[in-house]
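Chemist: fold the following, please.
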Amino acid sequence: MRVLLSGTPAFGHLLPLLPLAREARAAGHEVALLTSGAMAEAVGPELPVLPAGPMPDVLFAEVARRTGGSNPATDPKPETVAEFFAGTRVDLSVADAMEAARAWKPDLIVAEACDFVGPLVAAELEVPWHLLAFGPAVPDEFVELMFQTVAPRYAERGLAPTPPSTFLDPCPPTLQAPGWQAPPNRIALRPEPHRVDGNAWQAPDFADGADRPVVLVTLGTVFTEVGLLVNILASLESLDVNIVATLGPFADPTAITVDHSRVRTVGFVPLEQLLDGITAVVSTGGAGTILATLSRGLPMVLLPQGADQAINAERVEATGAGVALAESGQVGPAVARLLREDSFRARAGVLADEIAAMESAADVVRRLAG
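Modeler: Below is the predicted model:
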């Protein structure tokens, strides 16, 4: 079977697809990824990339041109989010995507929830497709406007949207908003912390202070503003903890001055390794980070900066597994509270058990192939 994965060219949108890619290859299927060609290095040499469309910097610039300067990442409004994912990205990517997919001839397509290119290709090629969500459900006003925005793109090609065969959902129901209803074709897919097989990274050695709790500070791969990281680290200075702080995929470690006896800065490291030995996590609340953190039963402090992070932070706080903040100066006291009050770890453990009971990527691949 030939499985085509399709996604927006950004780490947070593509990394959740990789466990399915890995297990599909292990089962003997051919797998490729439909996204911007510039993401090839990020996803690794084992997964061929079918180049389609530009990277986010080009997309954001075009959205700004079309909307009078709006930025859907830092100011996520329904109309600008819809224009980014279902308007601009489709317009600038679909021609390349159609050509590449026709040549590759997939038997099925798996598209992440904000990818509107893969489903359009599926309609053109008349192949089934499956939707992969990546966190708590996006509010209806966003979803409805995205579908309204993409509809003319189908019509101008003489196509009609086709529904996904299954809804692959890595979000435990407890993390969803009150009143959330699971679609009838839902498959609960166990989320996994991102991993890179053979990666040689070793956890930092804190020498004589190794008995302290270890706090991971990670801003993800988009909102990696150095000033924010510096402020967070300053807020944690008074706590008797060790800190591992990620600099993201592109940051310069010399830009951060820290107490090297208690703080270690690292570049981009897969979360599977970063989370080993960690007591609590501070992040901006990206869906992949919160699900990975909860899968390990770890409490967290969340400081949302944009995109869907405010939604995710609110949901984590509502479960009792973490604290959502508006100011970086509040991080230190919030982490102290996580370390002091056992209820946060207990609630995170409940969610970890819920995640562990979900279907593995290998099981889901078998279902899709059947």
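
Chemist: find the least confident helix or strand in this protein, judged by mean pLDDT.
Modeler: Across the helices and strands of the chain, mean pLDDT, DSSP states H and E gives its lowest value to strand 263-266, namely a mean of 83.

Chemist: tell me which strands that strand pairs with, and in which orientation.
Modeler: strand 242-246 (parallel) (DSSP bridges).

Chemist: let me see the ranges of the strands in this protein.
Modeler: Secondary structure of the chain by DSSP state E: the strands cover 2-6, 30-35, 49-51, 108-112, 129-132, 167-169, 186-188, 214-218, 242-246, 263-266, 280-283, 300-302, 322-324.

Chemist: what's the closest of these to residue 62?
Modeler: Checking the strands of the chain against residue 62 by C-beta to C-beta gives strand 30-35 as the closest, at 17.0 Å. For every residue, glycine as well, the C-beta is placed using N, CA and C.

Chemist: that closest one pairs with which strands?
Modeler: Applying DSSP bridges, one finds strand 30-35 paired with strand 2-6 (parallel), strand 49-51 (parallel).

Chemist: let's have the strands of the chain in a markdown table, adding distance to residue 142 and mean neighbour count.
Modeler: Below are the strands of the chain laid out as a markdown table (distance: least, C-beta to C-beta, whole Å; neighbours: other C-beta atoms under 10 Å):
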| stretch | distance to residue 142 | mean neighbour count |
| --- | --- | --- |
| strand 2-6 | 19 | 25 |
| strand 30-35 | 21 | 23 |
| strand 49-51 | 27 | 21 |
| strand 108-112 | 15 | 25 |
| strand 129-132 | 15 | 24 |
| strand 167-169 | 17 | 23 |
| strand 186-188 | 19 | 17 |
| strand 214-218 | 25 | 24 |
| strand 242-246 | 28 | 23 |
| strand 263-266 | 34 | 19 |
| strand 280-283 | 22 | 28 |
| strand 300-302 | 20 | 29 |
| strand 322-324 | 20 | 24 |
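
Chemist: follow-up on the earlier one: same list (the strands paired with strand 30-35) but as a markdown table, adding distance to residue 164 and mean pLDDT.
Modeler: What follows is the strands paired with strand 30-35, written out as a markdown table (distance: least, C-beta to C-beta, whole Å; pLDDT from 0 to 100):
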| stretch | distance to residue 164 | mean pLDDT |
| --- | --- | --- |
| strand 2-6 | 12 | 98 |
| strand 49-51 | 20 | 97 |
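
Chemist: as TSV, those with distance to residue 208 would be great.
Modeler: TSV is the format used below for these (distance: least, C-beta to C-beta, whole Å):
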stretch	distance to residue 208
strand 2-6	46
strand 49-51	46
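
Chemist: out of those strands, which is closest to residue 168?
Modeler: Comparing the strands paired with strand 30-35 by C-beta to C-beta, strand 2-6 comes nearest, at 11.4 Å.

Chemist: for that closest one, what is the distance to the chain centroid?
Modeler: 18 Å (C-alpha atoms, centre = their mean, to the nearest Å).

Chemist: what angle separates it from strand 108-112?
Modeler: Per axes from the mean of the first three to the mean of the last three C-alpha atoms, to 10 degrees, the angle that strand 2-6 makes with strand 108-112 is 20 degrees.
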